[in-house]
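**Student:** Predicted model, plus sequence, below.
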Amino acid sequence: MAEPQSLNARILAIDPGKRRIGIAITSEAGLGAMPLFTLTRTNERADLKAILRFVRQHRIEQLVVGYPLNMDGTVGPQAEKAERFAESLREALRDAEPAIPVHLLDERLTTHEAHERLNEFERRVAGRNARVTRDEFIDQVAAAVLLESFLSREQVVLLPEE
């Protein structure tokens with residue numbers, strides 16, 4: 001039987017793309033998803049090293065990797081790359097104590113949803129932080145959408161009666 005997840009378990013969502021990796025994290029209370037960072041891809045070893053640094057810094061207990069299935073649900077080249085990336089993360093974390101599971105989660109339409117959210121945000125708020133381009137931020141928001149989807153699938157945890 002799996003160990004129960006702590007009430008404030010931190011979960012990191014990773015949206016791996018061809019050029020960038022969007023990263024989102026749960027709040028400290030483990031209740032919501034927040035865009036965290038966009039990592040510009042260099043090579044797999046450097047990408048994994050950067051992600052593992054986030055895992056240690058934020059005491060991550062689970063990872064969710066976006067799984068870009070085709071619209072008909074079949075596995076295409078990008079989904080195969082995500083599978084290999086998730087497996088590389090599992091391998092890099094194999095000696096972690098406690099164990100850190102790596103989940104693949106269907107990410108169809110997360111980028112579309114992220115664009116919709118950013119469009120709405122831009123309509124409401126004039127001026128944006130010029131240090132982060134929309135292309136960079138969209139990956140973070142897509143990772144947050146992915147994480148929200150994962151959180152909504154988790155079972156509700158009831159507190160013990162006193």
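**Tutor:** That came through, no problem. Residues are numbered from 1 along each chain as shown.

**Student:** how about Phe54, what does it touch?
**Tutor:** Contact analysis of Phe54 by C-beta atoms under 8 Å, 6 or more residues apart in numbering lists 12, 23, 25, 36-37, 60. To be clear about C-beta, it is placed using only N, CA and C from the backbone, and glycine gets the same treatment.

**Student:** any chance you could map the strands in this protein?
**Tutor:** For the chain, the strands defined by DSSP state E cover 10-16, 20-26, 33-40, 60-67, 102-106.

**Student:** Nearest approach to Ala79 belongs to which of those strands?
**Tutor:** strand 60-67 (5.7 Å; C-beta to C-beta).

**Student:** In the closest one, which residues are buried?
**Tutor:** Within strand 60-67, the residues scored as buried using 16 or more other C-beta atoms under 10 Å are 60-67.

**Student:** For it, enumerate the helices and strands it packs against.
**Tutor:** strand 10-16, helix 77-92, strand 102-106, helix 134-153 (3 or more C-beta pairs under 8 Å, 6 or more residues apart in numbering; DSSP states H and E).

**Student:** Please repeat the previous calculation with a cut-off of 6 Å.
**Tutor:** Helices and strands touching strand 60-67, as assessed by 3 or more C-beta pairs under 6 Å, 6 or more residues apart in numbering; DSSP states H and E, comprise strand 10-16, helix 77-92, strand 102-106.

**Student:** Same list (the ones you listed) but as TSV, adding distance to Arg45, mean pLDDT and mean neighbour count.
**Tutor:** Formatted as TSV, the helices and strands packed on strand 60-67 follow (distance: least, C-beta to C-beta, whole Å; pLDDT from 0 to 100; neighbours: other C-beta atoms under 10 Å):
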stretch	distance to Arg45	mean pLDDT	mean neighbour count
strand 10-16	14	91	25
helix 77-92	9	93	16
strand 102-106	17	90	17
